[in-house]
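Colleague: I would like to see how this sequence folds:
(2 chains)
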Protein chains: 2
Amino acid sequence: MGPRTPTQRAPRTRVHNMLVSLDGFAAGDTVTVDQPIGGAELLFSRFDGRVIDGVDGADAPITVDRALISLWGQGIGAEIMGRRKFGPQTGGWSDDGWQGWWGDAPPFRTPVFVLTHHPREPIEFGNGTSFHFIDASPEDALRRAQEAAGGLDVRIGGGPSTVRQFLEADLIDFLHLTIVPVVLGTGVRLLDGLAGIEDRFTIETISTDGLTHQLWNRDEAGRRRR
Amino acid sequence: MGPRTPTQRAPRTRVHNMLVSLDGFAAGDTVTVDQPIGGAELLFSRFDGRVIDGVDGADAPITVDRALISLWGQGIGAEIMGRRKFGPQTGGWSDDGWQGWWGDAPPFRTPVFVLTHHPREPIEFGNGTSFHFIDASPEDALRRAQEAAGGLDVRIGGGPSTVRQFLEADLIDFLHLTIVPVVLGTGVRLLDGLAGIEDRFTIETISTDGLTHQLWNRDEAGRRRR
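Modeller: Below you'll find the predicted structure:
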């Protein structure tokens, strides 16, 4: 398609495709090279990552589940992720050449800010993806990401502990939560310590074949409070 | 965002955002310059055209309705429309400089094939949109649009009589129908003469706040039949 006419609007901070088990877990306990989701793979059994940038990323059918997944990239100019989403390592970085899970064309195609207490040199890919390693509070990380996003929205990419920190700091404008009918019993919970947080949002809920989607939009009163 | 990795898949023929009243009408009886939808404006009272290319086209909130609207442009390489969608004129073209309803940046940003018994010279816009006026059967028009789409999907853009012709010819792979809770009493019906056509599709239905969305995906058996 040809170039799109830019739109004027207030940038948002968004979370997409946050999959949560019936008992509230959004990731497993430990991440290894073999288990990027740390034992919570069941959550992703119904998730089709090929359509994060559009339902044309996979063959038919076009479903409501896929339509919601495809919101992921719309109008996003930068992502912030936790270190555990970038890789299984902890502590200081070793010289092992690790560049993330995604091979030589990571799907982000924007600047990505990786939160870590161990900053290192950025990594750039040919497709527009670059990883920047920063030791920053949620507020400071968001400020840097917004500068890099050039007026577009910032996605908080996870994992769940990172999303929870941004929710605690009252920095999230939109959250797409998908409740998956599995019981994991262990892992990282998304909403621990956030009692009452639903009051800040208007929550739309629909159910598809076995999945429940919630679209949390921050109330304007909440936006003004900041 | 940076460039996207192309995907390999079978091109589809898709219809998006087909709004239908409770009594089955998808357009009014007559189109004039002042009434582009011919008296069926009520259908569009809940439709936000700003998000056809992405939910970032408008300020908050991000809703299921908007997510479904935003499928419109995903992976589309060409559109086919009826003449009545292009303008209110009938018969031979007069030299009135009419270039469609959309000003100098039509939202299509791809080649658009306008079905008419009165071919004329194409019109090109700077944003990737071009209008090509052809006198062709649905099959021939689709063939030309698929050539122009370069492996991407073709959208049948309406109005309802045009979509009905393509449904009759068994050429539609995907249809997003939105049932709007209004009774129009008159106009152009989408599904007249198509009794039993639902058998060719798997239909997913969800309801949002007052709207009912149906996603019709052609069954594989139907695809093979062609």
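Colleague: and A:Gly57, what does it touch?
Modeller: Each residue near A:Gly57 by CB atoms under 8 Å, 6 or more residues apart in numbering or on different chains is listed here: A:50-51, A:70, B:7, B:75. C-beta here means a position set from N, CA and C on the backbone, and glycine is covered the same way.
Colleague: let me redo that: A:Lys85
Modeller: Applying CB under 8 Å, 6+ apart, one finds that A:Lys85 lies in contact with A:114, A:157-159, A:162.
Colleague: so how far is stretch A:130-142 from its chain's centroid?
Modeller: Stretch A:130-142 has its C-alpha centroid displaced from the chain centroid by 14 Å (CA atoms, centre = their mean, to the nearest Å).
Colleague: Check which residues of that stretch are buried.
Modeller: Buried residues in stretch A:130-142, counting neighbours by 16 or more other CB atoms under 10 Å in any protein chain shown, are found at A:130-134, A:136, A:138, A:141-142.
Colleague: How about stretch A:209-219?
Modeller: In stretch A:209-219, counting by 16+ other CB under 10 Å, buried: A:211, A:213-218.
Colleague: and chain B, which of those contact it?
Modeller: Intersecting the buried residues of stretch A:209-219 with the surroundings of chain B, defined as CB under 8 Å from any CB of the partner chain, gives A:213, A:215, A:217-218.
Colleague: Skipping its backbone neighbours, what lies nearest the residue most central in space within chain A in space?
Modeller: Against the mean C-alpha coordinate of chain A, by CA atoms, centre = their mean, the closest residue is A:Gly157 at 2.1 Å. The shortest distance from A:Gly157 to any residue other than its chain neighbours is 4.0 Å, reached at A:Met81 (CB to CB, 6 or more residues apart in numbering or on different chains).
Colleague: Give the helix, strand or coil label for that neighbour.
Modeller: Classification of A:Met81 using DSSP: H, G, I helix; E, B strand; the rest coil returns strand.
Colleague: Same check on A:Arg144?
Modeller: Following three-state DSSP, the label given to A:Arg144 is helix.
Colleague: quick one: the residue lying closest to it once chain neighbours are set aside and A:Phe174, what's the gap?
Modeller: Residue nearest to A:Arg144 in three dimensions, not counting chain neighbours: A:Phe113, with 6.1 Å by CB to CB, 6+ apart. Plainly put, A:Phe113 is 18 Å away from A:Phe174 if you go by CB to CB, to the nearest Å.
Colleague: What strand or helix carries A:Ile203?
Modeller: Using DSSP states H and E, A:Ile203 falls within strand A:201-207.
Colleague: How about residues contacting that strand?
Modeller: Contact with strand A:201-207 is made by A:64, A:175, A:212-219, A:222, B:61, B:63-64, B:206-209, as judged by CB under 8 Å, 6+ apart.
Colleague: same thing but 7 Å
Modeller: Outside of strand A:201-207, the residues within contact range by CB atoms under 7 Å, 6 or more residues apart in numbering or on different chains are A:212-219, B:61, B:63-64, B:206, B:208.
Colleague: cool, and stretch A:117-129?
Modeller: Residues beyond stretch A:117-129 that count as contacts (CB under 7 Å, 6+ apart) turn out to be A:92-93, A:99, A:104-106, A:108-110, A:112, A:130-135, B:1-3.
Colleague: what's the offset of that stretch from the middle of its chain?
Modeller: Going by CA atoms, centre = their mean, the spacing between the C-alpha centre of stretch A:117-129 and its chain's C-alpha centre is 18 Å.
Colleague: ditto for stretch A:73-80
Modeller: 10 Å.
Colleague: touching chain B at all, it?
Modeller: Yes. Under the criterion of CB under 7 Å from any CB of the partner chain, stretch A:73-80 makes contact with chain B via A:73-75.
Colleague: how about the residues you listed in JSON lines, adding pLDDT, secondary structure and neighbour count?
Modeller: Converted to JSON lines, the residues of stretch A:73-80 next to chain B look like this (pLDDT from 0 to 100; DSSP: H, G, I helix; E, B strand; the rest coil; neighbours: other CB atoms under 10 Å in any protein chain shown):
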{"residue": "A:Gly73", "pLDDT": "95", "secondary structure": "helix", "neighbour count": "20"}
{"residue": "A:Gln74", "pLDDT": "96", "secondary structure": "coil", "neighbour count": "24"}
{"residue": "A:Gly75", "pLDDT": "95", "secondary structure": "coil", "neighbour count": "24"}
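Colleague: What is the nearest of these to chain B?
Modeller: Distance to chain B, by CB to the nearest CB, is smallest for A:Gly75 among those, at 2.2 Å.
Colleague: Now do the SS call for the nearest residue to that closest one once chain neighbours are set aside.
Modeller: Leaving aside its chain neighbours, A:Gly75 sits nearest to B:Asp56 (2.2 Å; criterion: CB to CB, 6+ apart). Reducing the assignment at B:Asp56 to three states with three-state DSSP gives helix.
Colleague: you'd agree B:Asp56 is up against A:Gln74?
Modeller: Yes. Under the criterion of CB atoms under 7 Å, B:Asp56 lies in contact with A:Gln74, with a separation of 5.2 Å.
Colleague: residue contacts, A:Arg218?
Modeller: A:172-174, A:200-201.
Colleague: Which residues are in contact with A:Asn191?
Modeller: In this structure residue A:191 is Leu, not Asn. Under the criterion of CB under 7 Å, 6+ apart, the neighbours of A:Leu191 are A:Gly24.
Colleague: for it, helix, strand, or coil?
Modeller: Assigned by three-state DSSP, the conformation of A:Leu191 is coil.
Colleague: Go through the contacts of stretch A:117-129 and flag which are in helices.
Modeller: Members of the contacts of stretch A:117-129 lying in helices (criterion: DSSP state H): none.
Colleague: re earlier: just name the closest of the contacts of A:Lys85 to chain B, please.
Modeller: Minimum distance to chain B across the contacts of A:Lys85 is 14.0 Å, recorded for A:Gly157 (CB to the nearest CB).
Colleague: Per-residue confidence, the closest one, what does it come out as?
Modeller: Listed pLDDT for A:Gly157 reads 97.
Colleague: Next, the contact list for it, please.
Modeller: If a contact means CB under 7 Å, 6+ apart, then A:Gly157 has A:79-81, A:85 as its contacts.
Colleague: quick one: which of those residues is most hemmed in?
Modeller: Taking other CB atoms under 10 Å in any protein chain shown as the neighbour criterion, A:Ile80 ranks highest of the contacts of A:Gly157 with 29 neighbours.
Colleague: just checking, that one touches A:Ala145?
Modeller: Yes. Counting by CB under 7 Å, A:Ile80 touches A:Ala145, with 5.2 Å between them.
Colleague: list residues touching both of these two?
Modeller: Residues touching both A:Ile80 and A:Ala145 (CB under 7 Å, 6+ apart) are A:113, A:154.
Colleague: can you pull out the strands in chain A?
Modeller: Counting by DSSP state E, chain A has these strands, from start to end: A:13-21, A:25-27, A:76-82, A:111-115, A:123-124, A:130-134, A:153-156, A:174-180, A:188-189, A:201-207, A:212-218.
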